[in-house]
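Undergrad: Below are the sequence and a predicted model; questions follow.
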Amino acid sequence: MAADPVRYAVVGVGYISQSSMLPAFRQVTANSRLAALVSGDARKREVLAKRYRVPIAVGYGGYDRLLRSGEIDAVYIGLPNTMHRRFAERAARRGIHVLCDKPLAMTEADCRAMISACNRARVKLMIAYRLHFNTAHLEAIKLVRSGKLGEVRFFSSIFGMNVKEGNIRTRRATGGGTLFDIGVYCINAARYLFDEQPVEAVSLTASKTDDARFAEIEEMASALLRFPGERLAQFTCSFGSASASELEVVGTKGSLRISRAFDYKGELRWLQNIGGKSKEKRFAPSDQFAPELLYFSDCILKDEAAEPDGFAGWADVRVVNAIYKAAKTRRAVRIEPVQPQQRPSPQQQKIKRRPVKEPRLTKVQVPEQEE
């Protein structure tokens, strides 16, 4: 007999949960079911529970009771960054599996605590890096590992958007900031394309303008990382620019550029140049959230290790904090790398679902300004 689907509670129904994660549940009925919502806003709970036919909707005060109820098997934590640890630990103590939005947490100590809590409880912990299930990125990993680009020497990336005033991404108290919010994508991509961990945060140049939006955080940051073999990765991320999302990896024999590299809507494009011969490849739009759910549920049902795991999240947070330390001390900072237990596999690209139309949003602000 087929196993019962994994029953999820979505904890936090802000923009990413409403625009992408909740609609994704309609495409994962083979092994996953949306069983509960947790939100501090009664109106959101009422509207979204009705729209998605969710039988249980509670406030944050009812979270522990929900965890004890026997009605859920896993949580997706879509809360502000500073809240990830305490909601993950509470779930783990009750034997509930944890799929957590990025970054895993704000500090190494919080990351280690989350990993330890899940290990003690023998529950799965996975960080929701959607690009680990995206064909353009998984094919890029395959290309690099094939040796066709030669020895990979450097990585370069940009990721920018024009954030609306008052958006949670700009609030220091909730873990906002360019590096934790979007810079972490660039760091993660460099790590899996080099198939190594950085050994040094060489520098950070941060830019802060008079714009009231950036009273608490930097508006823009450029970082440089050193990897084993004297390889370099540099990236720039911004909350005050037009939309930009590109990466390039360059080896001794060729290069690969991915356009719209970090977007979760629309088409991604490759521009490959090997031995002076250029080749363009287009990757059709797809749902980047449903594959996460399908894969994580499969890991739970088959008792298999999840990728990207808590160690992968910890690895990125260590790098972010080392970069900030380099800026503060104005000196390069040594990074003692942790080795993730799992790495992205080309097999993960086989989990595909069609793109979904963004639903009507309830009491939530679209994060970006219109261009």
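TA: Done, it's in.
Undergrad: bridging residues for F155?
TA: Beta-bridge partners for F155, by DSSP bridges, are A233, V249.
Undergrad: give me the number of residues near it?
TA: 23 (other Cβ atoms under 10 Å). All C-beta spots, glycine's among them, are computed from the backbone N, C-alpha and C.
Undergrad: now do Y192
TA: So Y192, with other Cβ under 10 Å, has 21 neighbours.
Undergrad: so how far is R145 from it?
TA: 10 Å (Cβ to Cβ, to the nearest Å).
Undergrad: And for I158?
TA: 24 Å.
Undergrad: More neighbours: which of the two?
TA: Legend: neighbour count by other Cβ under 10 Å for I158 and R145, higher for I158 (19 against 13).
Undergrad: Do a quick rundown of the helices in the chain.
TA: Under the criterion DSSP state H, the chain contains helices at 15-16, 22-24, 42-51, 63-68, 84-93, 108-121, 135-146, 178, 184-194, 290-302, 310-329.
Undergrad: per-residue confidence at E370?
TA: The model reports E370 with a pLDDT of 62.
Undergrad: The closest residue to L79 other than its chain neighbours: neighbouring residues, count only.
TA: With sequence-adjacent residues excluded and distances taken as Cβ to Cβ, 6 or more residues apart in numbering, L79 is closest to G12, at 3.9 Å. Neighbourhood size, G12 [other Cβ under 10 Å]: 23.
Undergrad: Likewise for the one 4 residues further on?
TA: Taking other Cβ under 10 Å as the criterion, the count of residues near I16 is 18.
Undergrad: these two touch, right, it and G78?
TA: Yes. Under the criterion of Cβ atoms under 8 Å, I16 makes contact with G78 at 5.8 Å.
Undergrad: what sits in contact with each of the two?
TA: D101 (Cβ atoms under 8 Å, 6 or more residues apart in numbering).
Undergrad: Just put the helices of the chain in JSON lines and tack on distance to F283 and mean pLDDT.
TA: Shown next, in JSON lines, are the helices of the chain (distance: least, Cβ to Cβ, whole Å; pLDDT from 0 to 100):
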{"stretch": "helix 15-16", "distance to F283": "21", "mean pLDDT": "95"}
{"stretch": "helix 22-24", "distance to F283": "19", "mean pLDDT": "97"}
{"stretch": "helix 42-51", "distance to F283": "30", "mean pLDDT": "97"}
{"stretch": "helix 63-68", "distance to F283": "38", "mean pLDDT": "98"}
{"stretch": "helix 84-93", "distance to F283": "30", "mean pLDDT": "98"}
{"stretch": "helix 108-121", "distance to F283": "31", "mean pLDDT": "97"}
{"stretch": "helix 135-146", "distance to F283": "4", "mean pLDDT": "95"}
{"stretch": "helix 178", "distance to F283": "26", "mean pLDDT": "95"}
{"stretch": "helix 184-194", "distance to F283": "15", "mean pLDDT": "96"}
{"stretch": "helix 290-302", "distance to F283": "14", "mean pLDDT": "96"}
{"stretch": "helix 310-329", "distance to F283": "23", "mean pLDDT": "95"}
